[in-house]
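>>> Mind folding the following:
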Amino acid sequence: MSDNPYWSDDDPQRFESRSDPLVTDTFSRWWDATLGVLGRSWRSMGIILLIGVAIPAFILNLISTFSIDRRSTYDFGDAMSGNAPEVDPGSASGLGLLGLVTLFLFAGSAMAAHRTAAAEAAGGFTTTSEALRGAFRKCWKLWLWMILGSVCVTVGFVLLVIPGLLVSFGLALMIPVATFQKRANPFGESFRLTFGDFGPALGRLVIAVLVYLVITCVLGIFTGFLSELFLSFAPVAVANVLIVVLSALYAVVSLIPTMWMLAAVLTTYASARGKREPVSAASLSAEAAETVA
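Okay, the predicted model is just below:
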């Protein structure tokens with residue numbers, strides 16, 4: 001029996017998933033579909049994530065950095081080297097609040113990116129302002145579910161590592177569920193999709209995470225090397241300026257693994273859902289427009 005999400009033994013004439021840019025059956029087609037999302041939508045997704053994630057995260061990071069210890073001059077070099085001043089409870093609460101704000105911005109931006117990617121995969125177009133405006137009107141529910149999910153993952157890792165990994169896997173499709181299924185519970189529906197397509201979904205998400213980690217590590221090593229270079233050969237004041245610039249640059253280039261992960265999650269979601277019901281890039285694009293309406 002074929003693993004094709006559109007195949008039926010009773011109706012062999014139904015179209016194959018290879019004709020759809022998002023819904024796939026085999027791993028190789030999933031890989032091609034993920035790269036296809038990046039090839040088509042890297043500009044629009046990049047602009048959305050730059051506006052909604054990179055710039056706000058950089059600003060919030062600067063705010064949190066300077067608020068750690070206002071009584072002394074802050075040295076960015078110490079922070080980059082892991083020798084930052086001790087954080088008092090008040091600062092910790094502030095950092096927690098900034099973390100929640102960052103999570104909210106990511107939730108809205110990710111929904112907008114998925115909507116744009118689906119629209120472009122279907123041959124349509126969604127403006128950046130329209131995608132962001134619609135997503136941020138509706139993302140507060142996803143944000144709350146993501147907070148709950150983070151708590152569940154943390155508890156899972158505290159109890160044992162394996163439960164934490166399973167919960168992380170089960171919640172991996174929350175963002176596309178919230179983007180495309182207006183009346184679905186992102187928490188429960190994500191579990192149903194991932195565990196309902198356990199083997200293929202697990203394999204695809206593991207590969208996606210590994211690629212994400214490799215890219216992130218390479219970028220981290222490179223920026224760490226440059227920061228150490230600045231600290232070694234530049235005066236403190238100059239080094240601080242250079243490291244701020246480097247931090248801004250890192251915030252931008254770190255969008256590369258983020259876009260990869262969002263694309264992989266989108267195509268994994270489309271594949272898993274396609275095995276349960278007829279779905280296509282066109283139908284997903286229409287659903288996303290309805291969700292934010």
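>>> For V279, which non-adjacent residue is closest in space?
Leaving aside its chain neighbours, V279 sits nearest to R273 (5.3 Å; criterion: CB to CB, 6 or more residues apart in numbering). No exception for glycine: its C-beta is placed from N, CA and C like everyone else's.
>>> Point me to the helix or strand that includes the one you found.
helix 255-274 (DSSP states H and E).
>>> And for the helix or strand just after that helix, what's in contact with it?
Using DSSP H and E, the helix or strand that follows helix 255-274 in sequence is helix 281-291. Residues outside helix 281-291 that contact it (CB atoms under 8 Å, 6 or more residues apart in numbering): 20-23, 114-115, 118-119, 121-124, 126, 138, 178-182, 270.
>>> Quick one, which of those residues are buried?
20-23, 114-115, 118-119, 121-122, 126, 138, 178-181, 270 (16 or more other CB atoms under 10 Å).
>>> Now, these that are in helices?
Judged by DSSP state H, those include 114-115, 118-119, 121, 138, 178-180, 270 as members of helices.
>>> and the residues you listed as CSV, adding distance to L148?
Output for these, formatted as CSV (distance: CB to CB, whole Å):
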residue, distance to L148
H114, 20
R115, 23
A118, 25
A119, 29
A121, 30
K138, 17
A178, 13
T179, 18
F180, 20
A270, 25
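>>> Just the closest of those to G199, please.
Nearest to G199 out of those is A270 (CB to CB; 16.8 Å).
>>> phi, psi of the nearest residue to the closest one once chain neighbours are set aside?
Once flanking residues are discounted, A270 sits nearest to L22: 4.1 Å by CB to CB, 6+ apart. Dihedral angles of L22 (phi, psi; degrees, to the nearest 10) stand at phi -120, psi -40.
>>> which element is the residue lying closest to V292 once chain neighbours are set aside on?
Distances taken as CB to CB, 6+ apart put G134 closest to V292, at 3.1 Å, once the chain neighbours are dropped. Assessed by DSSP H and E, G134 sits inside helix 128-159.
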